[in-house]
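S.K.: need the 3D shape of this:
(one chain, ligands or ions: 3)
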Amino acid sequence: MSRFKTIRFVLGDQLTRGISSLADASPDKDLIVMAEPDAETNYVPHHRQKIVFILSAMRHFSNMLQAEGFEVAYFDYKQHPTKSFTDALKAAITKHPINTVIITEPGEWRVKRELATWENDLDVSLEVRTDDRFFATLSAFERFAEGRKELRMEYFYRGLRRETGILMKSDGKPVGDEWNFDKDNRKRLPDDVSPPAGKTFPPDAITISLIETVEEDFPDGLGSVDSFGWAVTRSDALIALKHFIDNRLARFGDYQDAMTVKSATVYHSLLSPYINVGLLLPQEVCHAAERAYYDGIAPLNAVEGFIRQVLGWREYVRGLYWFMGPHYSEDNYLNATRPVPDFFWNADVGLNCLHQAIGETLENAYAHHIQRLMVIGNFSLLAGLDPKQVCDWYLAVYIDAFEWVELPNTLGMALYADGGKIASKPYAASGKYIDRMSDYCEGCQYNPRKNIGPDACPYNALYWHFLNRNADILGRNPRLGMPYRNWARMAEDTKRNLINQAEGFLEKLESDGGNSSDLRNLQPRLF
Ligand code: FAD
Ligand code: DLZ
Ligand code: SF4
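M.R.: Ligands and ions are numbered 1, 2, ... in the order given. I've put the predicted structure just below:
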């Protein structure tokens, strides 16, 4: 007999004290189970900072529950190794015969499938509770999505603004009388503006012991842990939130799409890992930003722009992930099959924008949105890289990557591999866009204004190659009318030169991975 009535199983991205699986838990009746199983630490070769971050945050969370009087059966990867969550639960119920398990729904189809075996295979009764840390329920998203020909974030976002009252006036209109201030949020970073560094948290003993062992224990993991400075507790994550609101939010809007060799973060918040594992709640993050507007700390274009990311995009991609079903990850609308080149794993590439964005990713386990979308994602789209391989790369390298949020962003938004479920047109752009929004081209061996020749920016010819090779599939998309008309108007020999230029580049990509000996060392660290 066990003194416990129920097991509360807590996953690594459920580190919220008030989460539905723990809200009514009590130390006398409930045993907490947490685990670091092989299946979770190895399902992709996670960046080592991601492993340190999640395991350290889990261990701190477990200590906090123990300080409240809970018994936690914690299966760490070294002393109490387990293969899977199922394996950990089996070990817990062998020691404490308990036949009721409560868990909050997981964030991935993979884990959901695993939990579905528990009742039969482990002879327990399983209660799966809703994850109420989101603004919108999954059924609200289904109601929004069903019957619509096209799903667009903007309408979902407006509904949530109305429902929550965030940035809404009493007459039912949005504050500032517009829903969206995106047009104000596309400035290049001026030479004399240098973004401040993000908030660093010196590792404590728990984090240090992980930093010391993770490199050796996860030989397949990526990247280095030397610069680890992430918060791993709720109290530090709250400090990071305040630091962002006080020091960066005011300029977040203006420079939301800017990229620079001077800063890996520009004015972005660096809050995604904390929100995704549950150290911060999206509601408190949005309310803090809204308050900053009313207190005169930040202008409306910044605050609305930021809130749209959390209340709009984050909720939207989550709804879409579950709505699309477990086979969404197999979509490959544009039949892209080229393998991911080696430089994705070492940043050894002569295109300076890619060198910069991938180099920072490998160094920091972080890149900001425009680097992910318009440099790495855009290149993957234009070069026709295999969506499955690209998605697995994104899932591995970013500290905030969990499939529910990574997949719609990569497969849908960046690669258009879902045929337009999330984006009305592919985010395809030539080198001129990157030149306009960054200072990357200044240090590049290629020229963004040239289309043909050995020093022409590869993005330019690849852009036309992409449109030409996908003309049967994309040619009727009204939002691509202008580029297709421009292509049709070009002289035949110009078209031929562009296609040959792109094919020369793609052949070289396959034979030598696009490497260059002319590399700069321009990789700003986060912390
Ligand atoms: P900020 O720019 O400061 O944005 C504020 C917050 O808004 C973020 O913390 C995040 O919670 C939310 N947010 C912003 N954009 C998005 C978005 N498109 N979808 C969902 N939430 C958003 N985000 C992840 O959290 N995990 C991922 O694995 C991930 N993969 C991505 C892959 C690609 C190809 C692209 C284009 C985007 C991806 N994003 C992902 C979205 C976005 O790039 C990151 O959320 C953001 O860069 C995190 O940094 P930040 O906290 O400084 O963000
Ligand atoms: C990503 C991740 C990693 C690297 N390690 C763990 C872990 O050791 N234990 C755990 O519970 N969760 C981990 N995670 C996050 C899980 O993959 C996450 O809980 C699932 O994605 C839930 O949907
Ligand atoms: Fe990238 Fe082209 Fe600019 Fe070089 S010139 S940094 S390849 S966009």
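
S.K.: okay, the residue in the stretch 1-150 of the chain that ligand 1 sits nearest to and V397: tell me how far apart.
M.R.: Closest residue of the stretch 1-150 of the chain to ligand 1, C-beta to the nearest ligand atom: K50 (10.1 Å). C-beta coordinates here come from the backbone N, C-alpha and C atoms, glycine included. Look at K50 and V397: by C-beta to C-beta, to the nearest Å, they are 8 Å apart.

S.K.: thinking again about what came up before, I figured the residue of the stretch 1-150 of the chain closest to ligand 1 hits L395, correct?
M.R.: No. Look at K50 against L395 with C-beta atoms under 8 Å: they stay out of range, at 9.8 Å.

S.K.: more crowded one of these two?
M.R.: Set side by side, K50 and L395 show more neighbours around K50, with 26 against 21, by other C-beta atoms under 10 Å.

S.K.: that older thread, overlap of the contact sets of K50 and V397?
M.R.: A365 (C-beta atoms under 8 Å, 6 or more residues apart in numbering).

S.K.: identify the residues contacting whichever strand or helix holds L65?
M.R.: Assessed by DSSP states H and E, L65 sits inside helix 48-67. Residues outside helix 48-67 that contact it (C-beta under 8 Å, 6+ apart) are 10, 12-13, 15, 17, 32, 34, 36, 41, 72, 74, 76-77, 203, 206-207, 210-211, 214-215, 218, 221-225, 228, 230, 232-233, 273, 277, 279, 364-365, 398-399, 401.

S.K.: with stretch 117-133 instead?
M.R.: So stretch 117-133 is in contact with 7, 14, 16, 19-21, 86, 89-90, 93, 98-105, 107, 115, 137, 278, 281-282, going by C-beta under 8 Å, 6+ apart.

S.K.: check contacts around Y366.
M.R.: So Y366 contacts A264, T265, L270, E360, Y398, I399, D400, L526 (C-beta under 8 Å, 6+ apart).

S.K.: do the same with Y416
M.R.: Neighbours of Y416 in contact, by C-beta under 8 Å, 6+ apart: Y333, L334, L381, A423, K425, P426, Y427.

S.K.: on that earlier part again, anything in contact with each of K50 and L395?
M.R.: What both K50 and L395 touch, as defined by C-beta under 8 Å, 6+ apart, is the set A401.

S.K.: in contact with F70, which residues?
M.R.: F70 touches A25, P27, D30, L31, I32, counting by C-beta under 8 Å, 6+ apart.

S.K.: what distance do you get for R113 to L270?
M.R.: R113 is 32 Å from L270, by C-beta to C-beta.

S.K.: which of those two has more neighbours?
M.R.: Shown here are R113 and L270; by other C-beta under 10 Å, L270 has more neighbours (25 against 11).

S.K.: which of the three states applies to the more buried one?
M.R.: The three-state label given to L270 by DSSP: H, G, I helix; E, B strand; the rest coil is coil.

S.K.: surely it meets D400?
M.R.: No. Counting by C-beta under 8 Å, D400 is not a contact partner of L270; they are 9.3 Å apart.

S.K.: for the stretch 51-200 of the chain, which segments count as helices?
M.R.: 85-95, 109-115, 118-122, 138-145, 153-164 (DSSP state H, counting those that start in this stretch).

S.K.: can you put these in CSV and add distance to F61 and mean pLDDT?
M.R.: Shown next, in CSV, are the helices of the stretch 51-200 of the chain (distance: least, C-beta to C-beta, whole Å; pLDDT from 0 to 100):
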stretch, distance to F61, mean pLDDT
helix 85-95, 16, 98
helix 109-115, 18, 98
helix 118-122, 22, 97
helix 138-145, 25, 96
helix 153-164, 27, 96
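
S.K.: still on that earlier bit, buried subset of the contacts of stretch 117-133?
M.R.: 7, 14, 16, 19-21, 86, 89-90, 93, 98, 101-105, 107, 115, 278, 281-282 (16 or more other C-beta atoms under 10 Å).

S.K.: out of the residues you listed, which touch ligand 2?
M.R.: G107 (C-beta under 6 Å from any ligand atom).

S.K.: among the buried ones among the contacts of stretch 117-133, which are in strands?
M.R.: Members of those lying in strands (criterion: DSSP state E): I7, V101, I102, I103, T104.

S.K.: need the residues that contact the helix or strand where E304 lies.
M.R.: If you go by DSSP H and E, E304 is part of helix 300-307. Contact with helix 300-307 is made by 166-167, 175-176, 180-182, 184-185, 249-254, 256, 269, 286, 289-290, 292-293, as judged by C-beta under 8 Å, 6+ apart.

S.K.: could you redo the last one with a cut-off of 7 Å?
M.R.: 166-167, 175-176, 181, 184-185, 249-253, 256, 286, 289-290, 292-293 (C-beta atoms under 7 Å, 6 or more residues apart in numbering).

S.K.: filter these down to the buried ones, ChimeraX style.
M.R.: Remark: buried members of those, expressed as a ChimeraX selection using 16+ other C-beta under 10 Å:
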select :166,167,175,176,181,184,185,249,250,251,252,253,256,286,289,290,292,293
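
S.K.: near ligand 1, which of the contacts of helix 300-307 show up?
M.R.: By C-beta under 6 Å from any ligand atom, no member of the contacts of helix 300-307 lies near ligand 1.

S.K.: tell me the residues of the stretch 51-200 of the chain that contact ligand 2?
M.R.: Within reach of ligand 2 by C-beta under 6 Å from any ligand atom, the stretch 51-200 of the chain has these residues: I51, I54, L55, P106, G107, E108, V111.

S.K.: measure the second one to F201 for me?
M.R.: In this case it means I54. With C-beta to C-beta as the criterion, I54 and F201 are 15 Å apart.

S.K.: now the third one
M.R.: Using C-beta to C-beta, one obtains 16 Å as the distance from L55 to F201.

S.K.: out of the two, which sits in the more crowded spot?
M.R.: The neighbour count for L55 versus F201, taken as other C-beta under 10 Å, is higher for L55 (22 against 17).

S.K.: nearest spatial neighbour of the residue of the chain found nearest ligand 2, skipping sequence neighbours?
M.R.: Residue of the chain nearest ligand 2, by C-beta to the nearest ligand atom: G12 (2.4 Å). The shortest distance from G12 to any non-neighbouring residue, by C-beta to C-beta, 6 or more residues apart in numbering, is to I54 (4.9 Å).
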